[in-house]
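**Student:** Below: sequence and its predicted model.
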Amino acid sequence: MTVSARKRIWGWWFFDWASQPYNTLLLTFSFGPYFAEVARAHFAAQGLDAEAAKAASQAYWTATQTVTGIFIAVLAPILGVIADGRGRKMPWIWAFSAMYVLGAFVLWWTVPGMSTLFWAAFWFGFGFIGMELATNFTNALMPTLAPHDEIGKVSGTGFAFGYLGGVLALFIFLLFFAENAETGKTLIGLPPAFGLDPATREGTRSVGPFTALWYVVFMVPFFLWVREPAAAAGKSFGAALSGLGRAVGGLKDRPSLLVFLVASMFYRDALNATYALGGAFASNVMGWTVIQSGVFGIVAAIAATFASWAGGKLDSSVGPKPVILLAIVVLTATIVVMMNLTPTSFFGHVLGEGSPLPDMIFYGCGVMIGAAGGVAQAASRTLMVFHTSEHDAASDFGFYGLSGKATAFLAPALITIATLATGSARLGIAPLVGLFLVGLVLMMWVKPLGERPVR
């Protein structure tokens, strides 16, 4: 079957649409806050007071991100080099898609009062590893999709399309499945669909199977329309793996790529931690319910949708580097605002009883995180394409995956330490400011056009 270039791009965009709910629903706005609730109750049952239980809950969640990030950091470059050597990427995407679906589906069994948090964290991490590694390989197809001058639009539109999918999935889930813990009703005042029992939180727990099914359905266009260009006969597994050392050694001769990988290692680590903590922060600090966090997620994702699309056009106009720098500055300022926000005060100024200002400010933070985060990710993906070629894309994006996860333990670990040291989930996010600023400074040495020949 012959597939047009335009349809191939649409198929590639559908991966973003299909996979985004793992971030939107599971990592941040539905399962994340629900896990925080379950974990707080778990630690409270062990005798911790309310504030200590919140801190322990956040620390457990960030520790999960730490371990997961280490696995991704180790696997991404190794598998990328093997895929480039073997000449095939699609089999890897199939395998990691299976991990995504299984990891998401099993989260159904994260029940209130469960005796251990380990298995919920394990299966979440298992699916997340599948999602991240599948993303590396789909990103590695980018150089074959469009000319360099169009890549910014393709990347930005892909992120926008993905965020739109995340918004729709979250909206459907809030309307028909996620129940308020106190009333047992969904956002529109109905009991959870299909007779799910609100007393045992079956509506909220169904986020795992819902996310898995969403992925299965909407990956169909990807697998139907995306084709790999014909490749030369692949190397043996051993020969492909032996290329890893040469690829690593070759980075010293690619200084712009090397600095970019190090810079993105810091700012993307901070961004990923910001996403991972969004729902838990809303629950632990702002006292929001899962439904409130979900509405917050819709607002953030809508902002990300429009910003990613507009950012893609700006990217193609001025280049990805200035777009990334602007996004990092906005994200840093947003974290500072969140650190100084409580349900009753803002930058130390005590507000009137029942003031809506804290919630309004936090919604604004969601808009900024969604918009700047989406723009930063899309532009970073474009800048990475500027630093690679069709033949080296899987290994180079493997290094890109490594740079996004090599210090993935760092932000969660620093937040864990800061949270436990201060006993405050709010002040515990302070390390994110430093990580964003390190990335911002290092970006000054990255070539705006990457390593492309100047024409």
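**Tutor:** Perfect, I can see it now. Residues are numbered from 1 along each chain as shown.
**Student:** residue contacts, Val216?
**Tutor:** Val216 makes contacts with Val101, as judged by C-beta atoms under 8 Å, 6 or more residues apart in numbering. (Glycine included, C-beta is placed from N, CA and C.)
**Student:** What does the pLDDT read for it?
**Tutor:** The model reports Val216 with a pLDDT of 98.
**Student:** what kind of secondary structure is it in?
**Tutor:** Per DSSP: H, G, I helix; E, B strand; the rest coil, the local secondary structure of Val216 is helix.
**Student:** what about it, distance to Arg227?
**Tutor:** 21 Å (C-beta to C-beta, to the nearest Å).
**Student:** swap in Ala76?
**Tutor:** Using C-beta to C-beta, Ala76 is found at 24 Å from Arg227.
**Student:** now do Thr211
**Tutor:** Distance, Thr211 to Arg227, using C-beta to C-beta: 27 Å.
**Student:** okay, these two: which has more neighbours?
**Tutor:** Thr211 (31 against 15; other C-beta atoms under 10 Å).
**Student:** That one sits in which helix or strand?
**Tutor:** Here Thr211, judged by DSSP states H and E, is contained in helix 207-218.
**Student:** buried sites along that helix?
**Tutor:** Val207, Gly208, Pro209, Phe210, Thr211, Ala212, Trp214, Tyr215, Phe218 (16 or more other C-beta atoms under 10 Å).
**Student:** Take those residues and write them to TSV, including distance to Pro320.
**Tutor:** Shown next, in TSV, are the buried residues of helix 207-218 (distance: C-beta to C-beta, whole Å):
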residue	distance to Pro320
Val207	33
Gly208	35
Pro209	37
Phe210	34
Thr211	30
Ala212	33
Trp214	29
Tyr215	28
Phe218	27
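**Student:** And the helix or strand where Ala41 lies, what does it pack against?
**Tutor:** Using DSSP H and E, Ala41 sits in helix 31-45. Helix 31-45 sits against helix 50-86, helix 118-139, helix 207-218, helix 255-284, helix 290-318, with contacts defined as 3 or more C-beta pairs under 8 Å, 6 or more residues apart in numbering; DSSP states H and E.
**Student:** tell me, how many neighbours does the closest residue to Gly312 other than its chain neighbours end up with?
**Tutor:** Counting by C-beta to C-beta, 6 or more residues apart in numbering, Gly312 lies nearest to Gly156, which is 1.6 Å off, once chain neighbours are set aside. Counted with other C-beta under 10 Å, residues neighbouring Gly156 total 29.
**Student:** for Gly374, same thing?
**Tutor:** Residues near Gly374, counting by other C-beta under 10 Å: 28.
**Student:** What's the separation between Asp16 and Pro221?
**Tutor:** Counting by C-beta to C-beta, the gap from Asp16 to Pro221 is 11 Å.
**Student:** For the two, indicate the residue with more neighbours.
**Tutor:** Using other C-beta under 10 Å, the more surrounded residue of Asp16 and Pro221 is Asp16, with 25 against 18.
**Student:** Tell me if I'm right that the more buried one and Gly165 touch.
**Tutor:** Yes - using C-beta atoms under 8 Å, Asp16 is in contact with Gly165, at 7.1 Å.
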